[in-house]
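K.L.:
here are the coordinates; sequence isn't available:
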């Protein structure tokens, strides 16, 4: 019996809906136009380095990181820059984007396009981090925190363990699962690259127990490499949350207000680790990623290798198109993803899935009055009391009170709103409370 | 028998005496000294505790008035009570009453269901704060009214109501005391407290959309497209980020009609008299 | 037209109605036991009580609150069932309806309806009847197993009344009991004793408890801590004093303890919301129950204990805060 790891506080069990587990990743068609936002990460938008009319190739730098908390943006296609202006993103709000008209598919010369797995790492940690920075890599699990900052260990701190997050606990999504099955060796090499950059010999690849193929392949491969191990985690949402994963793997709780590095942990998503491998050993900047297109309204669900900037509508077209039964399109997973308003919005570095949902299971239910069952507090993986936060928000309580309720420590996983028998949108209230706290 | 009645009387009487002494001492010791003036001013105030004056409430405002000298008194104004109340307070203090033009809240958006057709359906809690977080809204205008009525809930004077047909909040100018609660609560900053002109009129741009003209028009037929026509009529009017703003100093009685008639989309609203 | 909504985009299928329906199902074994021991009279009490509660709730929603009809969430049925289970089978129908009125209108609707009441409605109804009609509320027909009507209308005492009166020599009015008068533990467990129709069978109530745990309607904390506290307290008293009236197992199996601990103390609305609070609440209920049973004039203390603790729930909710992630232990 293999030991399975998990976190003890809160959490819920969700229906998996992982219909695309066995669909091999397909290279998506390159559209006629791509629109690449200059801010796909947390931090300041990148500085635009091209102008209208410029010819670019695949991998050409479009925008340069502006400051430390920022990330480079590269072209994902070859062609001509036609527009640099504000265009509506997935939420309908405008963002600055660089629009490129696609002509052919010519790549920058220094990108190694061969399929062979590179196994030699001769670079120093500083060189590795520089390569990660110039490839514009950000956390691909969803938050989009620039990776070079995470891999640079601050003065006086020490890393002990690198946790590669292969949990993917959201329903429907299988992009990380497919990546682990198809690019297992590359991921292990990526973990070794990061190990070297961090100066440690201890990487743990954490995989959810409902991914037997990935577990099998990675466990077998990890035996060949020193310092890389596979650990199996129980299927429980939100096991893939950073704090929950650290608790499961190391047994330690991240103290309030501390960063993972403060207790020697570094957590990276498998997609990010793969991008690190490609950037460091193949010279390939981050300009494409695996996206799951699925949902009960999707005719041909599948996993696609998509160029960043590809419109969502083009991806939907390739997986069978929209029909009138689809009532909601979600970017990301059904628990933490956002509803899409604008179908011409592009796929970004943090888009893990596009879900086409029909009415029924995924329709918001009407809220009724709270019956004080306390299930939200029981399900909260952060140990908060969502019902109290909801009350504080609806009674316009002071920010101090909200802070006392630890509303700022909410990880926005949505467990509270999921379990609420009265269908109260508790997460919305928690988000408002967080916003109020941040405003102060 | 008599004994027991008497002992009851003694015990209860004793307790009453002790309690009364304690109460007396406590009330002496912890008495809150209040200024006569503060009480008098507070009596004159509307006691809505809305915070429109910038103070924490009516009591706070009364204290500020009582402590003010002639020059700082001129900066204090209760918009809810208006000139009448300020006159009363001024006479109590013996200062000259501050006079301010009456003002009213205006909604700077005309994105009704007709002008700005709904393109996506909003299916979550009825709260503008939440709707504003997740998307640009039903019409697609990122600066337009969300029709969910946070302002109506925030108004303590019943001056706002949601028109069911247009989906827009409407200001009852007679009830509005320009306390500014709606200005604070609207996540898109659509409300503005504007002064009335001498004749009681008003002219303002009823749009906040900063998108380019063509995009703005696609979202809403009454959007400001930044055509600069209004700034040619009077150069005080500035057009920034494709959006015009008419400063409150502009004399509505003189220019209002001209501005409204010349606006190609009807984004400028002119009312000869605010109370129609 | 596309919809926009906030995440999460999935919600559980376990809504209020489904949870309440599970409670109703969990209460069914006790109804079967009641029918087996008290025949047609038990059926009359249950039907009157449930019908009364649903009717009052319907009327209140329709004509008073003018709100949506809330009888469809089954909570009125639960109140009706619990009230019925707390009454002797000989209770007249009109008195039951008064109890229903107190439970639904006074204890629930007056406070604002489901989720807003402070006190458990069924218990308020029961205590009101208990104080108003003490005679009718303390006549306990002797169980008549598998006979539809009571063969001779015989009445007897509950186990708790017997326990209370053991060794009490000075009281002139109460009949004296000795240890041998007590029913066997097996009878207490199965329910073949005098008492309220729903509380007699510990077995049936435990079956319901198991079902609620299996369906994750409630967690185990309140019932286990409540029963545990009562057991430990009575055991301590029993060994300290040696008096038979503290027989721990008899206390555990008799009276309304099982019904109270499993179904009434666990009522969502009137119990604390965090596990920590629930433990405090349950231990408090247990202590009060034993104190009332042992030292007051009443033989039974479960209803009063739960009602008193209900009043403390807002306070418990304020101070019993669970540790949040990353906070020091």
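P.N.:
Cool, got the structure. Predicted model, so just to flag it, every value in this text is computed and none were measured.
K.L.:
which positions in chain C make contact with chain B?
P.N.:
Contacts of chain C with chain B, taken as CB under 8 Å from any CB of the partner chain, map to C:1, C:2, C:3, C:4, C:5, C:6. Every residue, glycine included, has its C-beta placed from N, CA and C.
K.L.:
where does residue C:235 land in three-state SS?
P.N.:
Following DSSP: H, G, I helix; E, B strand; the rest coil, the label given to residue C:235 is helix.
K.L.:
no no, residue A:232
P.N.:
Judged by three-state DSSP, the three-state class of residue A:232 is strand.
K.L.:
next one: the helix or strand containing residue A:197 to chain centre, how far?
P.N.:
Taking DSSP states H and E as the criterion, residue A:197 maps to helix A:184-198. Averaged C-alpha coordinates place helix A:184-198 at 18 Å from its chain's average position (CA atoms, centre = their mean, to the nearest Å).
K.L.:
same question for stretch C:313-329.
P.N.:
For stretch C:313-329, the distance from its own C-alpha centre to the chain's C-alpha centre is 27 Å (CA atoms, centre = their mean).
K.L.:
is it anywhere near chain A?
P.N.:
Yes. Stretch C:313-329 reaches chain A (CB under 8 Å from any CB) through C:321, C:322, C:323, C:324, C:325, C:326, C:327, C:328.
K.L.:
between the residues you listed, which has the most around it?
P.N.:
Most neighbours among those, by other CB atoms under 10 Å in any protein chain shown: residue C:325, with 23 neighbours.
K.L.:
what helix or strand does that one sit in?
P.N.:
Assigned by DSSP H and E, residue C:325 falls within no helix or strand.
K.L.:
which parts of stretch C:285-299 are buried?
P.N.:
C:285, C:286, C:287, C:288, C:289, C:290, C:292, C:293, C:294, C:299 (16 or more other CB atoms under 10 Å in any protein chain shown).
K.L.:
returning to that earlier point: quick one: name whatever helix or strand follows the helix holding residue A:197.
P.N.:
strand A:203-208.
K.L.:
what's near enough to touch whichever residue of the stretch 151-300 of chain C sits closest to chain B?
P.N.:
For the stretch 151-300 of chain C, the residue closest to chain B is residue C:273, as judged by CB to the nearest CB, at 21.3 Å. Going by CB atoms under 8 Å, 6 or more residues apart in numbering or on different chains, residue C:273 touches A:372, A:373, A:374, A:377, A:385, A:387, C:317.
K.L.:
that's a strand at it, yeah?
P.N.:
No. Per three-state DSSP, residue C:273 lies outside any strand segment and is coil.
K.L.:
wait, what's in contact with the closest residue to it other than its chain neighbours?
P.N.:
In this structure, residue C:273 finds its nearest non-sequential neighbour in residue A:374, 3.4 Å apart by CB to CB, 6 or more residues apart in numbering or on different chains. Listed by CB under 8 Å, 6+ apart, the contact partners of residue A:374 are A:387, C:268, C:272, C:273, C:274, C:275, C:278.
K.L.:
now render the residues you listed as JSON lines, adding pLDDT.
P.N.:
Below are the contacts of residue A:374 laid out as JSON lines (pLDDT from 0 to 100):
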{"residue": "A:387", "pLDDT": "94"}
{"residue": "C:268", "pLDDT": "94"}
{"residue": "C:272", "pLDDT": "94"}
{"residue": "C:273", "pLDDT": "93"}
{"residue": "C:274", "pLDDT": "93"}
{"residue": "C:275", "pLDDT": "93"}
{"residue": "C:278", "pLDDT": "95"}
